[in-house]
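Participant: I'll drop the sequence and a predicted model, then ask my questions.
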Protein chains: 2
Amino acid sequence: MTEPLSSLDNTPQSEVPELVRNQLEMLLEHGNLEGAKSLLVPVKAVDIAEAIENLPESMQAIAFRLLSKTEAIDVYEHLDSTVQQTLIEEFKRQEVIEIVEQMSPDDRARLFDELPAKVVRRLLAEMSPKERKQTALLLGYQEDTAGRIMTPEYISLKDSLTVEQALQQIRTQANASEIIYYLYVTDASRHLTGIVSLRDLVLSSPEVLLADIVTREVVSVYTDTDQEEVARLIQRYDLLAIPVIDREQRLVGVVTVDDVIDILEQETTEDIYTLGGVQSDGDNYFQTNLIAVARKRVVWLFVLLLTNTVTGSIIQSQEAVLQQVVALASFIPLLTGTGGNVGAQSSTVVIRGLNTDEIRSLGPGYVIIREAFAGILLGAILGSVATVWSFWLQGSILVSVAVGASLIAIALLASLAGSALPFLFRGLGLDPALMSAPFITTAVDVLGVLIYFYIARLVLGL
Amino acid sequence: MTEPLSSLDNTPQSEVPELVRNQLEMLLEHGNLEGAKSLLVPVKAVDIAEAIENLPESMQAIAFRLLSKTEAIDVYEHLDSTVQQTLIEEFKRQEVIEIVEQMSPDDRARLFDELPAKVVRRLLAEMSPKERKQTALLLGYQEDTAGRIMTPEYISLKDSLTVEQALQQIRTQANASEIIYYLYVTDASRHLTGIVSLRDLVLSSPEVLLADIVTREVVSVYTDTDQEEVARLIQRYDLLAIPVIDREQRLVGVVTVDDVIDILEQETTEDIYTLGGVQSDGDNYFQTNLIAVARKRVVWLFVLLLTNTVTGSIIQSQEAVLQQVVALASFIPLLTGTGGNVGAQSSTVVIRGLNTDEIRSLGPGYVIIREAFAGILLGAILGSVATVWSFWLQGSILVSVAVGASLIAIALLASLAGSALPFLFRGLGLDPALMSAPFITTAVDVLGVLIYFYIARLVLGL
């Protein structure tokens, strides 16, 4: 027997793509195609894909052609959509059709989403009728729904089969199926009536009927279920896959757990971008050009710039007060800044709680009141410190009392706004994450200076 | 055959726990234990767990006792740790031991983490030697490592077996194993030498040797590998599970994909909390008391309060300038606010990129320069608008030029700080997310007023 561990095997897994890329580039530069080929044999498809992506563009197609046909398809599915498109342009028509035909239908639908419509039409026209039909079907569903991300390649069985017959059928269909660990039981009209796991089959005697081991309580989704909900269900019930049915309860596809992990990551990135005031449209931020980057960011900045002008106007309108007690001005950044930060904290925990369903059973009332108390508590702690601190800085008791009292009021208000606005936005059918740190910070600025001047005039008797 | 679909089956999946809880409470109030029992029969363990969590505390133990022994363990594993503890206190010693003995070792280790040390010692003392050993083993690994989250319940085989013998062995061991879709091949000293999937076994002829179908290139992790890295590898290679080996390459456990999804969600929550300036320690924010909430938030607020004081002092030190050109003061919020928001956007995309490894291959230099250009571009757009806008507001060309020029400089600086500081922090071995919106916003305030006054004095010749 040959040595089971290749030379790459002592490398930490995370450095493999980098190492493969460097060796590959060296071998290709020296025209050593055989060496390059054998370098890639033990490497996983996703690592080959990352290595190819990072090669100089002139070498990408050469490297890709080193792969065997089945491997090529695997690698192609893992490539970034920009590299996928470059390769399509480099290849001969026949090569393209062969690869695209063999891709799994859900990956193909994703690729077609990115390609120019003209190219998609041409490719569809040249595909086999069966593959064309499958792809057109998936492309027919709305983006970000179960229909779009499901694979139509699953195994369905009738419950009148014995375990032995079922295993026989699995063997003949396994190659055309993405998942064989769950088998779906359907009736004569393709209605989903139950599920059997390969585990159950392997553990049962050959003569047992499927009807006797099938699980009837199946968690399923509709073709138009949002992909985030699909991901939540797979996560909640610890599933490896979830069946997708149409409105007539007919089984039409399956979403697998590996796709779901990618969806969760993509949705998280979108959430975090929205939290940071960057528009997210599913494109990779670091692969778009600067104009697109500016477009993703500038709208939100404009909104906030206008709001900030309001803060400025309020300060200006209080010029008379500021001229009487000059010391007041220097505490404005402290008050608005702290208020903004308290509000940002509240909105962060509430928005995240809404996204993970963690606060569904608590209800808005409970959460907002709790945050209000947290705001008062934080305001009291910070306000006491600010009172002492501001007295030490400028020596007037009245000014420092005004600062401390304002901080308590602002912290309370910021907590209320930070926790209530996300709920309000969700109620209006908008993304709660829009009410995140950048917006809350700016909104609290406006309200903060109003409160501060009101309290200061009250305390100082102006 | 009985009707396959229960009355709950037309309810959208997400409303099931709520519905079950309500019906359960009603039945228990009327003392209808049999009704309650049959209500729960078709319900999934995780839904029963959520229903029980939301029952009044006095009913929780009663509801839990309705379950059959195997179901009880499943449900118990899904309960929140606070409810798990309440139940432990309510139960008789013997009941507790029975449940804890039957839990899977990784879930048990998680429960023991939460229980008071005294209770853990008592429970460990009463468990069977085998289960005690397994639990103590897991508890011996550092928190958040592969060793802590792995299950020691997997199936390992020798590669001298035939497929038929392997299937035979799987049937006898399946009940004691959390995962049977991957079988691990080990040599005489328990070294991991390969992996066979149940799919491969089912599709191969019975007389084939495992040695002929085994995959030798196995992606594995060490017991001390960070759980986030474990999750990344499972995601990257689309695995259902990943084997865990010790430093001598001996197989000691397996981490499964369902645990990994939960880890990714928990890590995401921690990242988002840090981004929002809330300390995250793995506890559920909404289940901790207000004192703990204040503790999680107040430290960061103090740091920012002090920084904000610096901004105030700078403004105060420029009193002479402000008294000469009063209009300057009203643009401070606009400039610092916009600068803070630009910086927050940059830090958000960079921190997220670092967490998803998306920018690993790009390198800090490229990312920071790109963000700098984005900053100049955004500054130019916003600066032009601000120049016109501020001229319209107060009528002095010089002041409006100072505002516009400052905005460009501040946007550039904010982008640089927002993109460079996360890299710097990671380089220092700290969490890059600490350099997020709240910090960047505050830091840019300080630098922003300095730049503004410098440019204003230059332009206005003061």
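Facilitator: Here it is on my side, so go on.

Participant: leaving aside the residues next to it on the chain, what's closest to the residue in the stretch 151-300 of chain A that chain B sits nearest to?
Facilitator: Using CB to the nearest CB, A:Gly276 is the residue of the stretch 151-300 of chain A that sits closest to chain B, at 2.6 Å. (Each C-beta comes from the backbone N, C-alpha and C, glycine too.) Take A:Gly276 and drop its neighbours on the chain: the residue closest to it by CB to CB, 6 or more residues apart in numbering or on different chains is B:Thr348, 2.6 Å away.

Participant: Could you check how many residues crowd around that neighbour?
Facilitator: Counted with other CB atoms under 10 Å in any protein chain shown, residues neighbouring B:Thr348 total 28.

Participant: right, and it touches A:Gln279 too?
Facilitator: No: under the criterion of CB atoms under 8 Å, B:Thr348 is not in contact with A:Gln279, lying 11.6 Å apart.

Participant: what residues are shared contacts of those two?
Facilitator: Contact criterion CB atoms under 8 Å, 6 or more residues apart in numbering or on different chains; residues shared by B:Thr348 and A:Gln279: A:Tyr273.

Participant: Pull the contacting residues for the residue of the stretch 151-300 of chain A closest to chain B.
Facilitator: Residues counted as contacts of A:Gly276 (CB under 8 Å, 6+ apart) are A:436-438, B:275, B:344-345, B:347-349, B:436-437.

Participant: What does it show for phi and psi?
Facilitator: Here is the backbone geometry of A:Gly276 (degrees, to the nearest 10): phi -90, psi 10.

Participant: Also the one 3 residues further on?
Facilitator: Backbone dihedrals for A:Gln279, given as degrees, to the nearest 10, come out at phi -70, psi 140.

Participant: Apart from its chain neighbours, what residue comes closest to it?
Facilitator: A:Lys296 (4.3 Å).

Participant: Check A:Ala411 too.
Facilitator: Computed as CB to CB, 6+ apart, the closest residue to A:Ala411 that is not its neighbour in sequence is A:Gly379, at 3.1 Å.

Participant: check contacts around that neighbour.
Facilitator: A:342, A:407-412.

Participant: Check which helix or strand the residue in the stretch 301-450 of chain A positioned nearest to chain B maps to.
Facilitator: When scored by CB to the nearest CB, the stretch 301-450 of chain A has A:Thr348 as its residue closest to chain B, at 2.6 Å. A:Thr348 is part of helix A:332-355 when elements are defined by DSSP states H and E.

Participant: Now do the helices in the stretch 201-350 of chain A.
Facilitator: Ranges of helices within the stretch 201-350 of chain A are A:210-213, A:227-236, A:257-275, A:290-317, A:319-324, A:332-355, based on DSSP state H, counting those that start in this stretch.

Participant: Near the residue nearest to A:Thr256 when sequence neighbours are not counted, how many other residues are there?
Facilitator: Nearest in space to A:Thr256, with sequence neighbours left out and distances taken as CB to CB, 6+ apart, is A:Ala241 at 4.7 Å. A:Ala241 has 23 neighbours, counted by other CB under 10 Å.

Participant: Then A:Gln94?
Facilitator: When neighbours are defined as other CB under 10 Å, A:Gln94 has 9 of them.

Participant: likewise A:Asp187?
Facilitator: Neighbourhood size, A:Asp187 [other CB under 10 Å]: 14.

Participant: Can you verify my assumption that A:Leu66 contacts A:Glu34?
Facilitator: No: counting by CB under 8 Å, A:Leu66 stays clear of A:Glu34, with 9.3 Å between them.

Participant: Tell me which of these two has more neighbours.
Facilitator: When A:Leu66 and A:Glu34 are compared for neighbours, A:Leu66 comes out ahead with 20 against 10, by other CB under 10 Å.
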